[in-house]
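Novice: Test case, fold it:
(2 chains)
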Amino acid sequence: MIVSIKDSVKLFGISIMTCCAVTVCNMFLNYYLDLSAIAGLIDNPYAQMFYDAQIMTSKVVCAVSGGCLAITTVVMLFFYIKHYIDSHSKEIGILKALGYSDFKIAKGFSVFGLSVFLGCFVGYLLSFALMPQFYELQNKDGYLPELSIGYHWILFVLLVIAPTLVFALIAVCNSLLKLRQPCVNLLKGIVKVKGKTKNTKDKKTFVAEMRSSVLRSRKTLVFFIAFSSFCFSAMIQMSASMKDLSSEMMGLMMLIIGVVLAFTTLYIAVTTVIRSNQENIAMMRVFGYDSADCKRSVLDGYRPAAYIGFIIGSVYQYALLRIMVDIVFSGVEGIPEYEFDFLMFFITLAVFIVVYEGIMFAYGQSMKKIPLKQIMSE
Amino acid sequence: MIEINDLTKYYGKGESRFKALDGVSVRINDGEFIVILGASGSGKSTFLNVISGLETSDGGCVAYDSQELGNMSEKELTKFRRENTAYIFQQYYLLPHLNVEKNVRMGADLDNNKDYLKYIKAVGLSDKRKKFPSELSGGEQQRVAIARALAKNPKVLFLDEPTGALDEETGRQVLNYIIRLHEEQGFTMIMVTHNSNIAETADRIIKMNSGKIVSVTENTDKKTAYEIGW
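Specialist: The predicted structure is shown next:
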């Protein structure tokens, strides 16, 4: 089997993503089911309004965070599979040359479902650890009858077993599609590139052209970089507002999830882009380009995506909280006024600029460590 | 002029430590075409890596017109490579997502060379300048690598088995381009090969074995790429 369990462990980004998704979803769905069970015990209109708001919140949070993270996880899985096939093209080519069918090779990719299982299972356990405090906070004013934490096995099936199986199936189907290429291309590592054929002299400098080609060759990474800054921006700003609108615990949880997702995604994206361009970077350095040139070529092209992601994140968190306050909690007493927090926006932006540019600078410096000798001895 | 004195290089640690270069000394004149000949493991590639500044030595020195490589910082070495050297490898190492023209610009931009198309013409690829490496044959890819290296107007060109991955006909063609451009432009050229026939095209032949230079021969009977055996 070409894909081993060890390879599955390398998909820690997927595990972290699914862990965050399941933690949030299981906590809110479990609460939703327990809440639904006491619907008959609500005996006054005010409690009913509060109850409806809680039910709606659970649905919105599950749909938004679960849906958003599920889509990102699928994109990440596709990306991992493509990256795996690209970086193991010779071994896969040999297997195909020996007579292994595409399906037989693709079956091995089902192992990637294990990383989903790991993330979901840890997230599931983590949600139960957080649940007592969460339940207490949700009903701290005592509008609802006492609520105890129930165990719903269906949630284990839906949030742990089903994602594992679905992602394993997606991994097999996607790899099957990716493996449909001539054996010789895999063996020789030939990269097929579609390009413009206009016969004019190119005006862009080499570094600018290289920057564009790095972006074009791995478009998924643009999404990841934008997603990373989106998480950073949305979750940090939302966590600050959550302290007033909900509780400190919710705010802290959002902050942790946002920072973890942002850094994990950024780490995966940047290390992948550097690793996949290692040979090109070494070649540039052999020719006399310095590390600043290499950074400009390989990493700087992602900067617009990062800042666009940040802006989208800010707008998204504002729109989401606006909906929550104006629609979900309309009529519920004690909900404070909510306005866009410009101070928090500028603080988050300042922190983001320092962190993002600092990380990019550090990675730019790390390009110096790519051994030049390696390229000559390969 | 390149002066190499008592160069030593070790690899490995403890019991597996071995001497890849053992007191190598030689002087290379400007504009010379040198072939370093030797079997696999003779130290010829290590020698090329060290004298080109891609690797540091453990002893001895390499000086380009009294500029010693060993005294240079990483930044100075990068500047040195930018202004003086170019490389051609056996495996071409073209950038797969850039077309021929843009690959050549990689070298040209370092010397602010706007006239880089002439190098593409010189290697006979004018009609393929918009093609990507995957659309070219091995010989064509190596010709792109030659154009890329020469477009930066190097003072010294290093070649590591440039015809090693090519068949005889393509290999002769590529070698012919290299020799012709060397004669036209007069840069110093240092080529590593295990093919003794190719050595017959050089000005001087340095034979290496076990990390040492075993002979340095002036080649008075230089041949063209089409006159040598293969």
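
Novice: what pLDDT does residue B:193 get?
Specialist: On pLDDT, residue B:193 comes in at 91.

Novice: which residues touch it?
Specialist: B:35, B:36, B:37, B:161, B:163, B:164, B:199 (CB atoms under 8 Å, 6 or more residues apart in numbering or on different chains). The C-beta positions use only the backbone N, C-alpha and C, and glycine is treated the same way.

Novice: How many residues are close by the last one?
Specialist: Per other CB atoms under 10 Å in any protein chain shown, the neighbour tally for residue B:199 reads 22.

Novice: tell me which parts of the stretch 201-350 of chain A are close to chain B?
Specialist: Proximity of the stretch 201-350 of chain A to chain B, by CB under 8 Å from any CB of the partner chain, involves residues A:201-202, A:205-207, A:209-210, A:213-214, A:216-217, A:279-280, A:283-290.

Novice: Show me which of those residues are buried.
Specialist: A:202, A:206-207, A:209-210, A:213-214, A:217, A:279-280, A:283-290 (16 or more other CB atoms under 10 Å in any protein chain shown).

Novice: related to what we said a few turns ago, pick out the lowest-pLDDT one from the contacts of residue B:193.
Specialist: pLDDT across the contacts of residue B:193 is lowest for residue B:164, at 84.

Novice: quick one, phi/psi of the closest residue to it other than its chain neighbours?
Specialist: Counting by CB to CB, 6 or more residues apart in numbering or on different chains, the nearest residue to residue B:164 once its immediate chain neighbours are dropped is residue B:90, at 4.2 Å. With angles defined as degrees, to the nearest 10, residue B:90 sits at phi -60, psi -40.

Novice: show me the contacts for residue B:90.
Specialist: B:160, B:161, B:162, B:164, B:165.

Novice: in the stretch 201-350 of chain A, which spans are helices?
Specialist: Assigned by DSSP state H, counting those that start in this stretch, the helices in the stretch 201-350 of chain A fall at A:206-217, A:219-245, A:248-276, A:278-287, A:291-298, A:303-323, A:342-366.

Novice: cool, the stretch 51-200 of chain A as well?
Specialist: With DSSP H, counting those that start in this stretch as the criterion, the stretch 51-200 of chain A has helices at A:67-87, A:89-98, A:102-107, A:113-138, A:153-156, A:162-178, A:183-188.

Novice: Could I get the buried residue list for stretch A:71-87?
Specialist: Applying 16+ other CB under 10 Å to stretch A:71-87 flags A:72, A:73, A:76, A:77, A:78, A:79, A:80, A:81, A:83, A:84, A:85 as buried.

Novice: Kindly report the same for stretch B:23-42.
Specialist: By 16+ other CB under 10 Å, the buried positions in stretch B:23-42 come out as B:24, B:26, B:28, B:32, B:33, B:34, B:35, B:36, B:37, B:38, B:42.

Novice: Single out the residue in the stretch 1-150 of chain A that lies closest to chain B.
Specialist: Nearest residue of the stretch 1-150 of chain A to chain B (CB to the nearest CB) works out as residue A:86 at 11.0 Å.

Novice: Pull the distance from stretch A:61-69 to the chain's centre.
Specialist: Mean-position distance between stretch A:61-69 and its chain equals 12 Å (CA atoms, centre = their mean, to the nearest Å).

Novice: Alpha carbons only: can I get it in CSV?
Specialist: Provided in CSV are the C-alpha atoms of stretch A:61-69 (Å, rounded to 0.1, in the frame of the first residue of the first chain):
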residue,chain,number,x,y,z
VAL,A,61,-23.7,28.2,14.9
CYS,A,62,-23.8,24.6,13.8
ALA,A,63,-24.6,25.5,10.2
VAL,A,64,-22.1,28.4,10.0
SER,A,65,-19.1,26.9,11.8
GLY,A,66,-19.8,23.3,10.8
GLY,A,67,-20.6,24.1,7.2
CYS,A,68,-17.7,26.5,6.8
LEU,A,69,-15.2,24.1,8.4
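
Novice: which ones are touching the residue of the stretch 1-150 of chain A closest to chain B?
Specialist: Per CB under 8 Å, 6+ apart, neighbours of residue A:86: residue A:276.

Novice: quick one: whichever residue of chain B sits closest to chain A from residue B:154, how far?
Specialist: In chain B, the residue that lies nearest chain A is residue B:82 (2.7 Å; CB to the nearest CB). From residue B:82 over to residue B:154 the distance is 10 Å, taken as CB to CB, to the nearest Å.

Novice: which one of these two has more residues nearby?
Specialist: residue B:154 (25 against 18).

Novice: quick one, strands of chain B?
Specialist: B:2-11, B:18-28, B:33-37, B:59-64, B:67-68, B:85-89, B:156-160, B:188-193, B:204-209, B:212-218 (DSSP state E).

Novice: Include distance to residue A:237 when you put those into a markdown table, please.
Specialist: Below are the strands of chain B laid out as a markdown table (distance: least, CB to CB, whole Å):
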| stretch | distance to residue A:237 |
| --- | --- |
| strand B:2-11 | 54 |
| strand B:18-28 | 57 |
| strand B:33-37 | 62 |
| strand B:59-64 | 56 |
| strand B:67-68 | 55 |
| strand B:85-89 | 50 |
| strand B:156-160 | 54 |
| strand B:188-193 | 59 |
| strand B:204-209 | 65 |
| strand B:212-218 | 67 |
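
Novice: and residue A:182, which of those strands is closest to it?
Specialist: strand B:85-89 (25.8 Å; CB to CB).

Novice: Please identify the buried residues of that closest one?
Specialist: By neighbour count on 16+ other CB under 10 Å, the buried set for strand B:85-89 is B:85, B:86, B:87, B:88, B:89.

Novice: Before I go, just wanted to say thanks for your time.
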